[in-house]
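S.K.: only the shape, not the letters, is given here:
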């Protein structure tokens with residue numbers, strides 16, 4: 001919203017209507033609300049385009065009063081348990097958004113490889129001429145905030161004589177790296193505890209704010225201290241082994257300062273401008289102008305001082321704001337938290353004297369995580385995360401935290417509902433009534449402090465946005481989609497729909513955010529899992545394996561993807577993806593899916609449509625009882641269909657779309673490359689067995705209809721077209737899910753697999769012999785292992801016929817041998833008659849290719865001219881290529 005309005009700072013928001021703070025905030029909040037509705041409309045239309053089925057007229061919004069007040073209820077429960085507290089900590093801070101970034105919001109993908117100027121800084125030791133402590137920092141802007149230097153008492157530190165004769169303290173193991181081997185000698189080596197207590201000077205001691213802190217804290221200011229390895233372990237792999245400690249900046253620095261009672265020098269404002277009292281630095285931005293510190297130090301060195309030991313580029317992973325991508329800083333602030341390791345003040349059977357963290361771990365274990373490693377990731381997060389930072393300073397749009405802290409006595413309390421606020425209000429209710437619980441109107445309400453009776457206003461902070469998302473299992477179910485959540489008004493009705501059966505989101509960020517927030521809030525409210533199953537998935541990347549960016553040319557906008565790739569293909573790409581892996585998305589991969597599956601399925605339907613029209617098959621008269629067919633191909637096809645229906649049904653019940661996709665893809669391939677391939681002689685003008693023809697069309701019709709139904713959750717559009725045309729039904733999405741007629745005939749599946757295994761070996765042998773498949777051969781002998789037998793000997797003749805036709809041989813001999821694998825031997829003696837028959841097959845292929853090239857339909861008869869040698873096959877050609885008249889000449893001609 002700020003970017004759209006061209007606002008550069010929070011002050012711009014407060015002056016949106018010049019000179020009127022309240023009206024400015026009200027306007028900004030209303031614009032944010034309209035923006036939500038605008039983009040939710042776009043999202044709704046895109047979702048419809050994707051084939052989503054949702055109750056679009058009753059979408060829930062986290063900005064709704066119902067959602068906000070439900071969060072109030074949750075926070076009141078936390079307050080009653082004694083878990084809400086105000087804490088002063090060093091927190092990650094976005095200088096553009098001017099607000100804290102909670103640990104939950106610091107996602108791995110928001111850490112970027114960044115090169116910063118780092119410095120080895122020499123700090124002169126007081127009372128030790130020409131002796132320096134060398135510290136290292138990648139954030140030179142924090143040097144004015146330096147209070148102490150931390151060392152490891154048990155680590156060896158060396159006093160190294162440099163090339164200029166000055167003496168420098170560094171960790172023994174770091175000396176060669178720091179000096180790059182360029183020093184005179186090591187004077188001595190001592191344990192770190194020997195350095196503890198040393199005092200030193202720093203380059204910004206003359207600045208008023210720094211000097212004031214130094215004067216008030218002479219004992220602790222600029223002192224070498226012993227680190228606490230649990231807070232700040234010191235390594236010699238990087239740096240010098242002496243750690244720059246800026247108490248008002250780094251998290252570990254602040255904790256160390258808190259332990260030792262160190263003072264601090266606050267140096268930056270909310271926007272990272274240096275504060276007043278810092279001399280020439282004041283008003284300059286620490287992040288936008290990092291060079292001012294290094295330039296100052298280098299200038300001082302030219303004036304005879306000796307601060308800079310070395311400045312060099314340092315590449316490291318550094319966090320950025322998840323919202324605006326600005327590099328973060330660390331800043332000490334008062335924020336509001338939910339305690340994770342404090343036992344509840346409210347005694348109950350459920351809590352069993354456990355902390356919120358411990359209870360959340362138990363709740364997380366009640367959930368089914370897909371993939372299974374999701375639970376391990378969530379538990380790792382739960383066991384290591386800090387207290388939940390729930391407040392946001394300098395924000396105007398969002399949840400108004402219902403925390404009321406007395407400015408007079410410091411007492412605070414949390415209100416849990418609109419009704420409680422109205423009851424407690426001693427002023428401002430008339431200005432708030434009729435508005436949603438957002439700024440600025442919610443801030444008009446004043447309550448009375450229970451402790452000292454002073455008037456109290458709500459704190460200015462808004463809530464962490466994941467509070468909004470985490471409460472949805474409790475806030476979204478309402479009576480007739482309006483009014484108070486059923487959880488508060490009719491809990492027994494709400495309980496019928498809780499826990500949620502299934503949720504899905506991307507794993508990388510949601511362990512810390514949405515999954516966590518729902519688990520936390522449900523643990524507080526009910527001590528049970530808010531959802532039964534969660535399917536997590538990886539990150540969507542470009543085809544090149546990199547994140548999608550317009551500047552890299554690998555990003556695809558939704559509308560573009562839907563238009564060019566097609567929604568059904570996009571959905572299939574997602575469905576068949578292993579959710580544990582990142583997905584590479586792009587046009588090349590989409591084309592593969594289109595060619596390898598989508599078009600194959602569509603061409604099966606086209607084949608049915610064209611040949612059923614050619615053979616004048618009335619779809620209304622197609623027999624539904626396809627089990628009466630005696631053709632083993634039909635029996636096999638239906639057996640495969642029933643098997644796949646069973647597999648798909650089971651896979652979807654287990655929330656495993658990938659397995660369902662694999663089963664469907666295999667069936668579609670089988671229908672195309674085997675069932676239709678081996679049934680081509682059963683249809684068309686040349687086929688005279690009307691009963692067998694009808695059986696084929698009935699079977700293929702059944703395959704297409706049931707496939708459309710089980711494919712409809714994945715490909716809603718192509719299946720809708722196929723299903724409605726074939727059945728004249730209202731919609732595939734209103735049809736009953738097929739059960740798979742009867743028991744799956746595993747025997748026919750196994751027998752057909754033997755046939756296909758023989759075919760696979762035989763085709764390989766033909767290829768090795770360099771005899772093309774269209775060339776008929778007299779005999780093939782197939783040796784089968786003794787454990788490879790057809791289970792149904794009654795139809796073995798049909799299997800042999802299939803083999804003869806597929807292998808293009810006149811005779812086949814099957815025999816059982818002691819061989820361990822199938823062996824195939826062809827009689828490769830090609831007689832003149834066989835040679836001519838092979839040429840005839842080549843001729844038919846050429847004729848059909850020319851028909852297609854000229855756009856001649858299957859039902860149209862052709863005038864044909866062929867070489868004289870094919871005269872004996874006149875009737876065959878008329879029947880198989882729809883030739884009306886045939887002339888004989890040297891050149892092939894089709895018209």
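M.R.: Good, I have the coordinates. The shown structure was predicted, so the numbers you read here are calculated from the model rather than taken from an experiment.

S.K.: state which strand of this protein is the longest.
M.R.: strand 111-124 (DSSP state E).

S.K.: in that one, which residues are buried?
M.R.: With burial defined by 16 or more other CB atoms under 10 Å, the residues of strand 111-124 counted as buried are 116, 117, 118, 119, 120, 121, 122, 123, 124. C-betas here are computed from N, CA, C, even on glycine.

S.K.: once you drop chain neighbours, what's closest to the last one?
M.R.: Excluding its sequence neighbours, the residue lying closest to residue 124 (CB to CB, 6 or more residues apart in numbering) is residue 201, at 5.1 Å.

S.K.: residue 409 and residue 450 touch, don't they?
M.R.: No. Using CB atoms under 8 Å, residue 409 is not in contact with residue 450, being 10.0 Å away.

S.K.: thinking again about what came up before, which strands and helices sit next to the longest strand of the chain?
M.R.: The elements that strand 111-124 packs onto, with contact taken as 3 or more CB pairs under 8 Å, 6 or more residues apart in numbering; DSSP states H and E, are strand 131-137, helix 291-302, strand 308-319.

S.K.: ok, residue 367 - how many residues close by?
M.R.: Counted with other CB atoms under 10 Å, the burial measure for residue 367 works out to 21 neighbours.

S.K.: my error: substitute residue 561 in the last question.
M.R.: Using other CB under 10 Å: residue 561 sits among 19 other residues.

S.K.: quick one on the thing from earlier: now the helices and strands packed on strand 111-124 in CSV, with distance to residue 5 and mean neighbour count?
M.R.: What follows is these, written out as CSV (distance: least, CB to CB, whole Å; neighbours: other CB atoms under 10 Å):
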stretch, distance to residue 5, mean neighbour count
strand 131-137, 37, 23
helix 291-302, 31, 15
strand 308-319, 27, 14
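
S.K.: will you turn the ones you listed into JSON lines that also has distance to residue 517 and mean pLDDT?
M.R.: JSON lines is the format used below for the helices and strands packed on strand 111-124 (distance: least, CB to CB, whole Å; pLDDT from 0 to 100):
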{"stretch": "strand 131-137", "distance to residue 517": "35", "mean pLDDT": "97"}
{"stretch": "helix 291-302", "distance to residue 517": "39", "mean pLDDT": "95"}
{"stretch": "strand 308-319", "distance to residue 517": "20", "mean pLDDT": "93"}
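
S.K.: got those as a markdown table, with distance to residue 51 columns?
M.R.: Conversion of the helices and strands packed on strand 111-124 to a markdown table gives the following (distance: least, CB to CB, whole Å):
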| stretch | distance to residue 51 |
| --- | --- |
| strand 131-137 | 54 |
| helix 291-302 | 54 |
| strand 308-319 | 38 |
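
S.K.: quick one: the strands in the stretch 551-700 of the chain?
M.R.: Along the stretch 551-700 of the chain, the segments classed as strands by DSSP state E, counting those that start in this stretch run 583-585.

S.K.: sketch out the low-pLDDT regions of it for me.
M.R.: The stretch 551-700 of the chain contains residues with pLDDT under 70 at 623-627.

S.K.: would you check how far apart the residue nearest to residue 124 and residue 386 are?
M.R.: 35 Å (CB to CB, to the nearest Å).

S.K.: more crowded one of these two?
M.R.: With neighbours defined as other CB under 10 Å, residue 201 and residue 386 compare such that residue 386 has more, 15 against 12.

S.K.: now do the contacts for the closest residue to that one other than its chain neighbours.
M.R.: Distances taken as CB to CB, 6+ apart place residue 103 nearest to residue 386, at 5.2 Å, with adjacent residues excluded. Residue 103 sits next to 92, 385, 386, 389, 512 when contact means CB atoms under 8 Å, 6 or more residues apart in numbering.

S.K.: any chance of those in JSON lines with pLDDT and secondary structure as columns?
M.R.: Output for these, formatted as JSON lines (pLDDT from 0 to 100; DSSP: H, G, I helix; E, B strand; the rest coil):
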{"residue": "92", "pLDDT": "92", "secondary structure": "strand"}
{"residue": "385", "pLDDT": "91", "secondary structure": "coil"}
{"residue": "386", "pLDDT": "92", "secondary structure": "coil"}
{"residue": "389", "pLDDT": "95", "secondary structure": "strand"}
{"residue": "512", "pLDDT": "89", "secondary structure": "coil"}
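
S.K.: circling back to that earlier point, so which of the buried residues of strand 111-124 comes closest to residue 135?
M.R.: Using CB to CB, residue 121 comes nearest to residue 135 of the buried residues of strand 111-124, at 5.3 Å.

S.K.: remind me which residues of the chain are low pLDDT?
M.R.: Within the chain, the set of residues satisfying pLDDT under 70 comprises 109, 348-352, 623-627, 741-743.

S.K.: domain-wise, how is it divided?
M.R.: The record, using automatic domain parsing to delimit domains, assigns the chain the ranges 2-58, 112-319, 353-390+464-537, 569-744, 749-830, 839-894.

S.K.: among the ones you listed, which is nearest residue 400?
M.R.: Of all these, domain 2-58 sits nearest to residue 400, with 10.3 Å by CB to CB.

S.K.: now the closest one, how far from the centre of its chain.
M.R.: The gap between where domain 2-58 is centred and where its chain is centred comes out at 25 Å by CA atoms, centre = their mean, to the nearest Å.

S.K.: dump the contacts of residue 103 to JSON lines, plus distance to residue 833.
M.R.: Conversion of the contacts of residue 103 to JSON lines gives the following (distance: CB to CB, whole Å):
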{"residue": "92", "distance to residue 833": "85"}
{"residue": "385", "distance to residue 833": "82"}
{"residue": "386", "distance to residue 833": "86"}
{"residue": "389", "distance to residue 833": "88"}
{"residue": "512", "distance to residue 833": "76"}
